[in-house]
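*Asks:* The amino acid sequence is not available; the structure is as follows:
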């Protein structure tokens, strides 16, 4: 019966199916509301249905996350689609900008510009580096590579090579036909050996031609290609040898070489060996003992087999040592304590280098410095990671004549410790040393500050009877690499003190607060003795300094780090 009624209703309406009006209104409201997600329809006034409101809608997520209704959205009743979200963000930015401008206008005073100008002038008087401006001559290339290449071309010299250089190059070009160099001095022999190393031609055969019998000095910068048998054979005939310097000794300096050197009975006054991984502890001790009465300079670097016997031999030297250099040796604390007790052997030492010693501590270093006393002029204890501020007290207390101090890589130093080290009039301590060379690179990034360097430069610039000579007082070399707290104020302090006439080498690599104006001001105020500034890792520097400082065309001045050099043996040695 119901089916017949529906069919009759459809027939009465002409076969069309009609939707109830309330359903049609609800569908229209939903369609207009959801259309804003894909388009920007005109807003028109529509009748809202309670059950079709978006607060009650099943669609609650958007491309940007779950939708949250705000007061503004409730006012405009606009769906949170991509275009509408973009419009809302732009509107919020414009509103914030408008409010900020209104606040600035409301708080602006007619004299604010004048006060800002006065403050700027006072700041420039306190920091004169702010007044420096770079003067770039000519037209600068647009390409970064072209700019760097231009700087390199400026430094290239077109001078005619000297007669000495021409002769050296000719000899090396035809060295395979040379039987012996004959009676030439060490400078000529060293220059030829450097050129051979540069060309990777220093082997056993060329070494035989390079060496002459009864030499008084043998210095080779790279012995890696020389066999031990050849070295032993050569040293066996060197009875007049007094200076032996072998770098990168490697396999050429072992037991056979030591025995040949002992058999020659040469009286060595200078012995420097590096990289001899075959050198035994007992052999090194025998070599030092045989020359204990004549040795004045002793240096061993990266010889891993040296231990207590070697140190005992150094301790037994007969009060002749003037220079002692030990680098990268695996010496324990007990072995270093043995060295610290050698008062007689260290009494006259003027230059002491103890780098990268795993067993080094504050107590051991202080005892060594106590035994040396006031004769010490150069001290290098870099990369000893257990040293602290306590060592600074020992350095100041026992070594008043110190002129060179290297503390690179000593991570446990603090700003307070360094300030105390360079401060005058401390009860129980002598005045701080008047240094010519100060190296504080690769310490902890916050260790070196402007205040520390202010005290250091003041101490170095103070004159006494020893520094009243022709050069006067002031730092000659300063290394503050990796210091994140050093600013242009430090460079101004160098200029204001006596360092402006003495500074020759400055390393500010990886110092992010150093600027173009500070370095440009330093170069313009320092004398022509300033030859190098290291700026590796200073990405904040620009063409204003590199191409605009006062000595751009001066070939005696070099900014290291502005251009990568070609690698090779010549740059490594």
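*Replies:* Now that the structure is in, tell me what you want to look at. On a predicted model such as this, the values are computed, not experimentally measured, just so you know.

*Asks:* Contacts only, for residue 287.
*Replies:* 258, 261-262, 271 (C-beta atoms under 8 Å, 6 or more residues apart in numbering). Quick note: C-beta positions are derived from backbone N, CA and C, even for glycine.

*Asks:* what about it, distance to residue 257?
*Replies:* Taking C-beta to C-beta, to the nearest Å as the measure, residue 287 and residue 257 are separated by 10 Å.

*Asks:* which regions of the stretch 1-150 of the chain lie under the pLDDT threshold?
*Replies:* 1-17, 35-81, 105-109, 138, 140 (pLDDT under 70).

*Asks:* can you give me the helices for it?
*Replies:* 2-12, 21-34, 71-76, 82-107, 112-126, 144-155 (DSSP state H, counting those that start in this stretch).

*Asks:* Could I get the average pLDDT for the strand or helix carrying residue 396?
*Replies:* Applying DSSP states H and E as the criterion places residue 396 in helix 389-398. Helix 389-398 carries an average pLDDT of 92.

*Asks:* returning to what we had before: quick check, nearest of the contacts of residue 287 to residue 94?
*Replies:* Closest approach to residue 94 among those (C-beta to C-beta): residue 271, at 78.7 Å.

*Asks:* so what does the helix or strand hosting that closest one touch, helix or strand wise?
*Replies:* Residue 271 belongs to strand 270-274 when assigned by DSSP H and E. The helices and strands touching strand 270-274, judged by 3 or more C-beta pairs under 8 Å, 6 or more residues apart in numbering; DSSP states H and E, are strand 243-246, strand 297-301.

*Asks:* mind listing what's buried in stretch 452-464?
*Replies:* Judged by neighbour count using 16 or more other C-beta atoms under 10 Å, the buried positions of stretch 452-464 are 452-462.

*Asks:* out of the residues you listed, who's nearest residue 518?
*Replies:* Relative to residue 518, and with distances defined as C-beta to C-beta, the nearest of the buried residues of stretch 452-464 is residue 453, at 12.7 Å.

*Asks:* Quick check, that closest one in contact with residue 485.
*Replies:* No - in this structure, residue 453 is not within contact of residue 485 by C-beta atoms under 8 Å, at 10.2 Å.

*Asks:* which phi and psi does residue 325 have?
*Replies:* Main-chain torsions, residue 325, degrees, to the nearest 10: phi -130, psi 120.

*Asks:* what sits against it?
*Replies:* Residue 325 neighbours (C-beta under 8 Å, 6+ apart): 272, 298-301, 351-353.

*Asks:* Could you save these as TSV and add columns showing neighbour count, distance to residue 201 and pLDDT?
*Replies:* Output for the contacts of residue 325, formatted as TSV (neighbours: other C-beta atoms under 10 Å; distance: C-beta to C-beta, whole Å; pLDDT from 0 to 100):
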residue	neighbour count	distance to residue 201	pLDDT
272	18	23	96
298	25	31	96
299	17	27	96
300	23	28	97
301	20	25	96
351	18	34	96
352	23	37	96
353	17	32	96
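
*Asks:* avg pLDDT for stretch 202-211?
*Replies:* 91.

*Asks:* what's it in contact with?
*Replies:* Outside stretch 202-211, the residues within contact range by C-beta under 8 Å, 6+ apart are 175-176, 178-181, 189, 192-193, 196, 218, 220, 222, 225-227, 230-231, 234.

*Asks:* Same question for stretch 326-344.
*Replies:* 274, 299-304, 306-308, 311-312, 314-315, 318-319, 353-361, 364, 367-368, 371.

*Asks:* how much space between residue 26 and residue 20?
*Replies:* From residue 26 to residue 20 the distance is 10 Å (C-beta to C-beta).

*Asks:* what about residue 395, distance to residue 373?
*Replies:* Applying C-beta to C-beta to residue 395 and residue 373 gives a distance of 12 Å.

*Asks:* Compare these two (neighbour count), which wins?
*Replies:* Taking neighbours as other C-beta atoms under 10 Å, residue 395 and residue 373 compare with residue 395 leading, 20 against 16.

*Asks:* residues in contact with the more buried one?
*Replies:* By C-beta under 8 Å, 6+ apart, the residues touching residue 395 are 369, 379, 402, 405, 421, 433.

*Asks:* my read: residue 552 touches residue 137, true?
*Replies:* Yes - counting by C-beta under 8 Å, residue 552 does reach residue 137; the two are 7.1 Å apart.

*Asks:* okay, these two: which has more neighbours?
*Replies:* Shown here are residue 552 and residue 137; by other C-beta under 10 Å, residue 552 has more neighbours (19 against 9).

*Asks:* mind listing the strands for the stretch 301-450 of the chain?
*Replies:* For the stretch 301-450 of the chain, the strands defined by DSSP state E, counting those that start in this stretch cover 323-327, 351-355, 378-380, 404-406, 437-439.

*Asks:* Could you do the stretch 451-573 of the chain as well?
*Replies:* 477-479, 505-507, 532-534, 558-560.

*Asks:* Just send those back as CSV, with mean pLDDT, mean neighbour count and distance to residue 153 too.
*Replies:* Formatted as CSV, the strands of the stretch 451-573 of the chain follow (pLDDT from 0 to 100; neighbours: other C-beta atoms under 10 Å; distance: least, C-beta to C-beta, whole Å):
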stretch, mean pLDDT, mean neighbour count, distance to residue 153
strand 477-479, 96, 21, 28
strand 505-507, 96, 22, 24
strand 532-534, 95, 19, 19
strand 558-560, 91, 16, 14
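
*Asks:* Looking at these, spot the one closest to residue 94.
*Replies:* strand 558-560 (46.9 Å).

*Asks:* ok, that closest one: who's next to it in the sheet?
*Replies:* Neighbouring strands of strand 558-560 in its sheet, by DSSP bridges, are strand 532-534 (parallel).

*Asks:* just how off-centre is the partner strand within its chain?
*Replies:* Its chain's average C-alpha position is 12 Å from that of strand 532-534, according to C-alpha atoms, centre = their mean, to the nearest Å.

*Asks:* which residues are contacting that strand?
*Replies:* With C-beta under 8 Å, 6+ apart, strand 532-534 has contacts from 481, 504-509, 519, 522-523, 557-561.

*Asks:* Going by distance to residue 149, which of those wins?
*Replies:* Checking these one by one against residue 149 (C-beta to C-beta), the nearest turns out to be residue 559, at 14.7 Å.

*Asks:* Might one say that the closest one is in contact with residue 546?
*Replies:* Yes - between residue 559 and residue 546 there is a contact at 6.6 Å, judged by C-beta under 8 Å.

*Asks:* From the contacts of stretch 326-344, keep the buried residues only.
*Replies:* The neighbour count (16+ other C-beta under 10 Å) marks 274, 299-303, 306-307, 311-312, 314-315, 353-357, 359-361, 364, 367-368, 371 as buried among those.

*Asks:* Reformat the contacts of residue 395 as TSV; add distance to residue 205, neighbour count and pLDDT.
*Replies:* Below are the contacts of residue 395 laid out as TSV (distance: C-beta to C-beta, whole Å; neighbours: other C-beta atoms under 10 Å; pLDDT from 0 to 100):
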residue	distance to residue 205	neighbour count	pLDDT
369	48	23	94
379	43	24	96
402	47	21	93
405	45	21	96
421	54	24	93
433	50	23	91
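
*Asks:* In these, find the pair that's most separated.
*Replies:* With C-beta to C-beta as the measure, no two of the contacts of residue 395 lie farther apart than 369 and 421, at 13.5 Å.

*Asks:* Tell me which stretches of the stretch 151-300 of the chain form helices.
*Replies:* So, for the stretch 151-300 of the chain - with DSSP H, counting those that start in this stretch - the helices run 163-173, 186-198, 204-210, 228-236, 255-264, 281-290.

*Asks:* Just put those helices in JSON lines and tack on distance to residue 89.
*Replies:* Listed next are the helices of the stretch 151-300 of the chain as JSON lines, based on distance: least, C-beta to C-beta, whole Å:
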{"stretch": "helix 163-173", "distance to residue 89": "69"}
{"stretch": "helix 186-198", "distance to residue 89": "63"}
{"stretch": "helix 204-210", "distance to residue 89": "74"}
{"stretch": "helix 228-236", "distance to residue 89": "76"}
{"stretch": "helix 255-264", "distance to residue 89": "78"}
{"stretch": "helix 281-290", "distance to residue 89": "74"}
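
*Asks:* Between the ones you listed, which one is closest to residue 473.
*Replies:* helix 186-198 (32.9 Å).
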